[in-house]
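In: Structural data only, the sequence is not supplied:
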């Protein structure tokens, strides 16, 4: 049947295609790569902003090694 989901992987793929297009993931990936600590922003504030940005896009495809 054409409108059935056979596996969790299929469901995840369909969900991400519909609600999280690759253009959005690419935009967030660029934000992650360009993030900088702002003037008058504490390290703790920057770290929280960074973690929130990374968690907003689970398929950013940036390795943990590069994130650190």
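Out: Alright, I've got the coordinates. No experiment lies behind these values; they were computed from the predicted model shown.
In: what sits against the residue nearest the centre of the chain?
Out: Centroid check for the chain by CA atoms, centre = their mean gives residue 57 as the closest residue, at 1.6 Å. Residue 57 sits next to 20, 24, 25, 28, 29, 32 when contact means CB atoms under 8 Å, 6 or more residues apart in numbering. Quick note: C-beta positions are derived from backbone N, CA and C, even for glycine.
In: Check which residues of the helix or strand hosting residue 33 are buried.
Out: Taking DSSP states H and E as the definition, one finds residue 33 inside helix 22-34. By neighbour count on 16 or more other CB atoms under 10 Å, the buried set for helix 22-34 is 25, 28, 29, 32.
In: Same question for stretch 60-68.
Out: Per 16+ other CB under 10 Å, stretch 60-68 contains these buried residues: residue 60.
In: out of the buried residues of helix 22-34, who's nearest residue 15?
Out: residue 25 (13.1 Å; CB to CB).
In: Could you double-check that the closest one sits in contact with residue 58?
Out: No: assessed by CB atoms under 8 Å, residue 25 is found out of contact with residue 58, at 9.2 Å.
In: measure the nearest residue to residue 67 once chain neighbours are set aside to residue 37 for me?
Out: Nearest non-adjacent residue to residue 67, counting by CB to CB, 6 or more residues apart in numbering: residue 54, 6.4 Å away. Distance, residue 54 to residue 37, using CB to CB, to the nearest Å: 15 Å.
In: and what of residue 55?
Out: Taking CB to CB as the measure, residue 55 falls 18 Å from residue 37.
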